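1. Predicted model follows, preceded by the sequence.
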Amino acid sequence: GNVTIHVQYVTSTNQKTYSDCQSGGLWTFSEANLNGCYNDQGHVTLVPPGESANRGDKLAYKYDIRQDNWNLRTLQSLSTNADTSMRPCPGCPFYADFQTLVN
């Protein structure tokens, strides 16, 4: 039968390089960066942690690049998470660049 597997692309905190698959949530598909996205169909190998790549199960997949990619980084999350993401440690002052906006 069919099984749904959720995959998260590797991300970073650098806005320019946080992910090479940038499609979900963009208003027009022409704005999307699909360079790092999975192809619309293919095979993936599921490898248990600590195992070698040749020990995993090879599974066929297919998906709609436009409909099945979601952005988890949103304007709302940037706002609601600002208190923790703009501080180097819990209870510390904000990062200097952000602190100038607070003052």
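-> Perfect, thanks for sending it.

2. Was I right to think residue 37 contacts residue 66?
-> No - checked against CB atoms under 8 Å, the pair residue 37 and residue 66 is beyond contact range at 9.9 Å. Glycine gets a C-beta too; all of them are placed from N, C-alpha and C.

3. okay, the two: which has more neighbours?
-> residue 37 (20 against 14; other CB atoms under 10 Å).

4. any idea how far the residue nearest to the more buried one when sequence neighbours are not counted lies from residue 41?
-> In this structure, residue 37 finds its nearest non-sequential neighbour in residue 21, 3.8 Å apart by CB to CB, 6 or more residues apart in numbering. For residue 21, the distance to residue 41 (CB to CB, to the nearest Å) stands at 15 Å.

5. which one of the two has more residues nearby?
-> residue 21 (17 against 9).

6. For that one, give me its contacts.
-> Contact analysis of residue 21 by CB atoms under 8 Å, 6 or more residues apart in numbering lists 9, 33, 34, 35, 36, 37, 38, 69.

7. Select only the buried ones of those in PyMOL?
-> Buried members of the contacts of residue 21, defined by 16 or more other CB atoms under 10 Å, are picked up in PyMOL with:
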select buried, resi 34+37+38+69
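
8. and which of the contacts of residue 21 is nearest residue 90?
-> When the contacts of residue 21 are ranked by distance to residue 90 (CB to CB), residue 9 comes first, at 27.8 Å.

9. beta partners for residue 57?
-> residue 46 (DSSP bridges).

10. So it is in contact with residue 43, correct?
-> No - look at residue 57 against residue 43 with CB under 8 Å: they stay out of range, at 10.2 Å.

11. Okay then, goodbye and thanks.
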